[in-house]
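S.K.: My questions are about this predicted structure, shown below with the sequence.
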Amino acid sequence: MTRPIRQAPRRRSAPGGLSAEALEHLLCGYVMFDPNFHLSTLEGRALWKEHGPDLLAGWIDRHPGSRPWGWWLLALETTGPRRQLREGPRALGGPIWFGTPARFEDVPPEAMFESEFTYLMRHKLMGEIEQRFIETATGAAPGRPTGAERS
């Protein structure tokens, strides 16, 4: 009796010239299967400029109303960080983690910053199809952000 050959788990496929580690980092901000891998902000920006449009289209299909880590590297240069809605601990550094600071002196409270959805709506960065999909899925009123966000 023959036994099937066990195959290694499949990694996410990367566009030409982009390693699987670089792809994971651009999408998530870290690499789970290689915690020692890291892209500098400059390297991330350069890779996102080259591969971003293709990666963004796939991301929006899977995660409407949000954007991957690499997208935020360039968005912060043009539209700025996400708004802070509540008081919280002092940030230790600039807005580098999905439009918010990556580290704080203490644990920040829930909903300290506006949601990605609200940010995208405020800056008119969400496509009509993406917006309609979210409104249908969440039952939100057309064109209105959900949650406790302020304008």
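M.R.: Thanks, I have the structure now.

S.K.: which regions of the protein sit below the pLDDT cut-off?
M.R.: Residue ranges of the chain with pLDDT under 70: 1-16, 138-151.

S.K.: again, only using 50
M.R.: 8-11, 142-151 (pLDDT under 50).

S.K.: pull the longest helix from it.
M.R.: Identified as the longest helix of the chain according to DSSP state H is helix 41-62.

S.K.: Which elements pack onto that one?
M.R.: For helix 41-62, the packing partners by 3 or more Cβ pairs under 8 Å, 6 or more residues apart in numbering; DSSP states H and E come out as helix 20-28, helix 69-78. Where you see a C-beta, it was placed from the backbone N, CA and C, and this is true even at glycine.

S.K.: Please name every helix or strand in contact with the shortest one.
M.R.: Okay, so that is helix 20-28. Checked by 3+ Cβ pairs under 8 Å, 6+ apart, helix 20-28 has helix 41-62, helix 69-78 packed alongside it.

S.K.: Tell me which residues of the last one come out buried.
M.R.: By neighbour count, and taking 16 or more other Cβ atoms under 10 Å as the criterion, the buried residues in helix 69-78 are 69-73, 75-76.

S.K.: Quick one: the helices and strands packed on helix 20-28 as CSV, columns for distance to Leu18 too.
M.R.: Shown next, in CSV, are these (distance: least, Cβ to Cβ, whole Å):
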stretch, distance to Leu18
helix 41-62, 5
helix 69-78, 11
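
S.K.: returning to what we had before: so how far is the longest helix of the chain off the chain centroid?
M.R.: Computed by Cα atoms, centre = their mean, to the nearest Å, the chain-centroid distance of helix 41-62 equals 10 Å.

S.K.: Over to stretch 124-141?
M.R.: That offset, for stretch 124-141, works out to 17 Å (Cα atoms, centre = their mean).

S.K.: That concludes my questions; thank you for your assistance.
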